[in-house]
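K.L.:
Need a 3D model of the following:
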Amino acid sequence: MDNAVPNNSATAAVAAGNGVQASGAGGEQPEDASKQNLAQVTNSIQRTLGLLHQLNLTVSSFNSAAQLPLLQRLNGLVSELDTMQKLAEGCNIQVPMEVVNLIDDGKNPDEFTRDVLNSCIAKNQITKGKTDAFKSLRKHLLEELEQTFPEDVEGYREIRATAAAESKRLAQSQNSLPNGDAKVKAEH
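P.N.:
Numbering: from 1, shown residues only. Down below sits the predicted model:
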């Protein structure tokens, strides 16, 4: 896809200065169309930033002789923004409205991530507390039942042991490879 961006040396220098490799510059293309489209949008954003920088330089040192380059850069910017819009239509990226609102308010979107993470940690602690409470209740009930119905509790424990052994055997069989080796989870 050919972008209608002027390919002058200033654009190339700005893009190279940002450390972004343009698509098709010898690197591997992502196999997934969505990732490729996202990469194209990212490259378009980088080109737009470069054009905005050039436009800023032109405007800051404007004189009547710089009117034609100014118009050319404005046209290039409009063209690149149009290209970016067309590329963005193919991207399916969902950004929470809270993040957009934070950006609109001039805040760091990492605050949203931190808040969501803290909320998850708090909910996890509440759930862990409930789980611990149920474990304590189960232990207390088993102690009480063992005093009242020792034979029944012994039968219950045998059933639980058999079920646990069967569950462990099933889990091990699902974690084995066709050659009989066990799958190993990488610990991080």
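
K.L.:
Can you name the next helix or strand after the helix or strand hosting L87?
P.N.:
Using DSSP states H and E, L87 falls within helix 67-89. Next helix or strand after helix 67-89 toward the C-terminus (DSSP H and E): helix 97-104.

K.L.:
Where does E158 fall, secondary structure wise?
P.N.:
Using DSSP H and E, E158 falls in helix 150-174.

K.L.:
Would you mark the buried spots in stretch 82-97?
P.N.:
For stretch 82-97, burial by neighbour count (16 or more other C-beta atoms under 10 Å) applies to T83, M84, L87. For glycine as for every other residue, the C-beta is placed from the backbone atoms N, C-alpha and C.

K.L.:
and what of stretch 99-116?
P.N.:
In stretch 99-116, counting by 16+ other C-beta under 10 Å, buried: V99, L102, F112.

K.L.:
mind checking the end-to-end distance for it?
P.N.:
End-to-end distance of stretch 99-116 (C-alpha to C-alpha, to the nearest Å): 11 Å.

K.L.:
so is G106 in a helix, a strand, or just coil?
P.N.:
coil (DSSP: H, G, I helix; E, B strand; the rest coil).

K.L.:
Next one: D105 from V99, what distance?
P.N.:
Look at D105 and V99: by C-beta to C-beta, to the nearest Å, they are 11 Å apart.

K.L.:
cool, and A161?
P.N.:
50 Å.

K.L.:
Around Q40, count how many other residues there are.
P.N.:
Residues near Q40, counting by other C-beta atoms under 10 Å, number 23.

K.L.:
Flag every buried residue along the helix or strand hosting it.
P.N.:
Under the criterion of DSSP H and E, Q40 resides in helix 33-60. Buried positions in helix 33-60, judged by neighbour count with 16+ other C-beta under 10 Å: 37-41, 43-44, 46-48, 50-51, 54-55, 58.

K.L.:
same question, stretch 159-166
P.N.:
Buried, per 16+ other C-beta under 10 Å, within stretch 159-166: nothing.

K.L.:
what mean pLDDT would you report for that stretch?
P.N.:
For stretch 159-166, the mean pLDDT works out to 92.

K.L.:
And stretch 116-132, by the same measure?
P.N.:
95.

K.L.:
same question, stretch 171-181
P.N.:
For stretch 171-181, mean pLDDT is 68.

K.L.:
Distance to P69 added to the buried residues of stretch 99-116, as JSON lines?
P.N.:
Below are the buried residues of stretch 99-116 laid out as JSON lines (distance: C-beta to C-beta, whole Å):
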{"residue": "V99", "distance to P69": "37"}
{"residue": "L102", "distance to P69": "37"}
{"residue": "F112", "distance to P69": "41"}
